[in-house]
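>>> Could you look at this predicted model? Sequence included:
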Amino acid sequence: MKIAVIGAGSTYTPELAEGLILEANALGLEELYLHDIDEERLEIVGGLVQRMVQAQGSPFRVQCTLNRVEAVSGADFVITQIRVGGQAARALDTKICLEEGIIGQETTGPVGFAKAMRTIPVLLDICGDIRAHAPGAFLINFTNPAGIITEAVLKYGGVQAIGLCNIPFGIQAAVARECGVSPEAVELEYVGLNHLSWVRRIFVSGQDRTQELLEKTAAKPANIPALKLHPEFQRALNMWTNSYLNYFYLHDEMLEHLLSQPKTRGEVVAELEAKLLEQYQDPNLCTKPKELEKRGGAHYSSAAVSLIRDIHLGTGKKHIVNVQNSGALPDLPLDAVVEVPCLVDAHGARPLVMGRLEPQIRGLLQHVKAYEELTVEAAVRKDYKTALLALTTHPLTTSVNKAKRILDGFNAAHDLQLVRKT
């Protein structure tokens, strides 16, 4: 097997490498190609990965390259984890939104729109390389906003693709810790979109533990009390909520909190990454540093490597991933990308039918999905009007006039090359 990682200069890459080392034999992994456009970051991160692999007896070969075609050629799996514009673009986009009194949020908010507009053209170029040089490869997309990017790839990329997020596995792991079992013993009845999802039922070793676990969650104190969902609402909803839903359920409180912070999340992460890269340069370091946990992305390695393993071995196991709906959620378009449990085998991931959505979640899901569909079309067509419709459709955008100013701010900052049609 050959695996290519596009965006390997990411500080996440050692986390991924750790999992690949553990599963190298099961995967039959022979080559890991690391690609990035930033030569310095690739040298630093790639150097650590090479030392990690050597410390474990070199179960596979690690090759760093600035040539994307070389990385992709003949690959069985291509993992994308890119960030077009880096953390600086994220921080700038967040400030553009906050200046208008709008929550940005780079995955499920308007900042995610800006990121998608920059990223989709690049991902579609990568798909062109895969079609030409690795036509049988699976693209495993970890790039955020994962649902939107995966939808663009599946509609316009012409490759086999699955979108991956660490949150579903993180919920399984949290439940497993609470119940004293392995994550494999936990099964979630999970519905939604990436970073906009709910767990209807939680089964532990085949037993329904939903009510017990929801009560425990409702009773737990929050680090920031004002940003905790009211227990009565949690009981009324009767579902485990993805933490990103707080941007919608606690909109005013979240906005106040974000406006009070001395730095944006992008600026904080940029500082964390600088410290991590400094550590990665230590020639004696040959393991993933503990500080990587502060960067986020916990369980990324477990989620990604287990998905690749189960496709390779054709196990038929369940994974919660981002795939084309195909009727799994009848209230959303068939070709929309959703995040639901899937059966994974050598043919990819087949979504399980989850049934109609409850009215208390249906409206928000349909609302956000409409925004996502428009965002994909705007990025592919480079159309200003569609981009404006996308931003104004987003539930977190409270004014059409603000949406236009934010769009013009994004366009000026990043030259999105949007065409204004009269």
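Nice, I can see it. Numbers count the residues shown, from 1 in each chain.
>>> And the closest residue to Y244 other than its chain neighbours, how close does it get to E15?
Spatial nearest neighbour of Y244, excluding adjacent residues (C-beta to C-beta, 6 or more residues apart in numbering): H195 at 4.1 Å. Any C-beta I mention is one placed from the backbone N, CA and C, and that applies to glycine too. H195 sits 19 Å away from E15, going by C-beta to C-beta, to the nearest Å.
>>> So between the two, which is more surrounded?
Remark: of H195 and E15, H195 carries more neighbours, 24 against 21, as counted by other C-beta atoms under 10 Å.
>>> for the helix or strand of the chain with the lowest mean pLDDT, packing partners?
When each helix and strand of the chain is scored by mean pLDDT, DSSP states H and E, helix 210-219 comes last, with a mean of 91. Secondary-structure packing of helix 210-219 (3 or more C-beta pairs under 8 Å, 6 or more residues apart in numbering; DSSP states H and E): helix 167-179, strand 196-204, helix 231-237, strand 240-241.
>>> and of the ones you listed, who's closest to A116?
Nearest to A116 among the helices and strands packed on helix 210-219 is strand 196-204 (14.5 Å), distances taken as C-beta to C-beta.
>>> Next secondary structure after that closest one?
strand 207-208 (DSSP states H and E).
>>> What pairs with that following strand, parallel or antiparallel?
Strand 207-208 has the following sheet partners, assigned by DSSP bridges: strand 196-204 (antiparallel).
>>> Mean confidence (pLDDT) on the strand it pairs with, please.
Mean pLDDT, computed over strand 196-204, is 97.
>>> got the CA coordinates for it in PDB?
In PDB, the C-alpha atoms belonging to strand 196-204 read as follows (Å, rounded to 0.1, in the frame of the first residue of the first chain):
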ATOM      1  CA  LEU A 196     -24.000  20.000  13.100                       C
ATOM      2  CA  SER A 197     -25.100  16.600  14.500                       C
ATOM      3  CA  TRP A 198     -27.200  14.900  17.200                       C
ATOM      4  CA  VAL A 199     -27.100  11.500  18.800                       C
ATOM      5  CA  ARG A 200     -30.600  10.000  19.200                       C
ATOM      6  CA  ARG A 201     -29.600   6.800  21.000                       C
ATOM      7  CA  ILE A 202     -26.500   5.500  22.700                       C
ATOM      8  CA  PHE A 203     -26.000   1.700  22.900                       C
ATOM      9  CA  VAL A 204     -23.200   0.300  25.100                       C
END
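>>> Identify the residues contacting it?
108, 167-168, 171, 175-176, 179, 181, 185-192, 208-210, 213, 237, 239-242, 244-245, 248, 339, 361, 364-365, 368 (C-beta atoms under 8 Å, 6 or more residues apart in numbering).
>>> Now do it against helix 210-219, angle only.
Per axes from the mean of the first three to the mean of the last three C-alpha atoms, to 10 degrees, the angle that strand 196-204 makes with helix 210-219 is 120 degrees.
>>> Output the below-cut-off pLDDT ranges for the chain.
Scanning the chain for pLDDT under 70 picks out 296-298, 421-422.
>>> Next, the buried residues of stretch 138-147.
Neighbour-count burial for stretch 138-147, counted by 16 or more other C-beta atoms under 10 Å, picks out F138, L139, I140, N141, F142, T143, N144, P145, A146, G147.
>>> Just put those in JSON lines and tack on distance to V204.
Converted to JSON lines, these look like this (distance: C-beta to C-beta, whole Å):
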{"residue": "F138", "distance to V204": "31"}
{"residue": "L139", "distance to V204": "33"}
{"residue": "I140", "distance to V204": "28"}
{"residue": "N141", "distance to V204": "30"}
{"residue": "F142", "distance to V204": "28"}
{"residue": "T143", "distance to V204": "32"}
{"residue": "N144", "distance to V204": "30"}
{"residue": "P145", "distance to V204": "31"}
{"residue": "A146", "distance to V204": "27"}
{"residue": "G147", "distance to V204": "27"}
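>>> Reformat those as a markdown table; add secondary structure and distance to S58.
Output for these, formatted as a markdown table (DSSP: H, G, I helix; E, B strand; the rest coil; distance: C-beta to C-beta, whole Å):
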| residue | secondary structure | distance to S58 |
| --- | --- | --- |
| F138 | strand | 25 |
| L139 | strand | 27 |
| I140 | strand | 24 |
| N141 | strand | 28 |
| F142 | coil | 25 |
| T143 | coil | 29 |
| N144 | coil | 32 |
| P145 | coil | 36 |
| A146 | helix | 32 |
| G147 | helix | 37 |
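>>> which of the residues you listed lies closest to I79?
The closest of the buried residues of stretch 138-147, once distances to I79 are taken by C-beta to C-beta, is I140, at 4.8 Å.
>>> residue ranges for the helices of the stretch 1-150 of the chain, please.
Assigned by DSSP state H, counting those that start in this stretch, the helices in the stretch 1-150 of the chain fall at 13-22, 24-27, 39-55, 68-72, 86-98, 110-133, 146-156.
>>> before we move on, back to that, N401: which of the helices and strands packed on helix 210-219 is closest?
strand 196-204 (25.6 Å).
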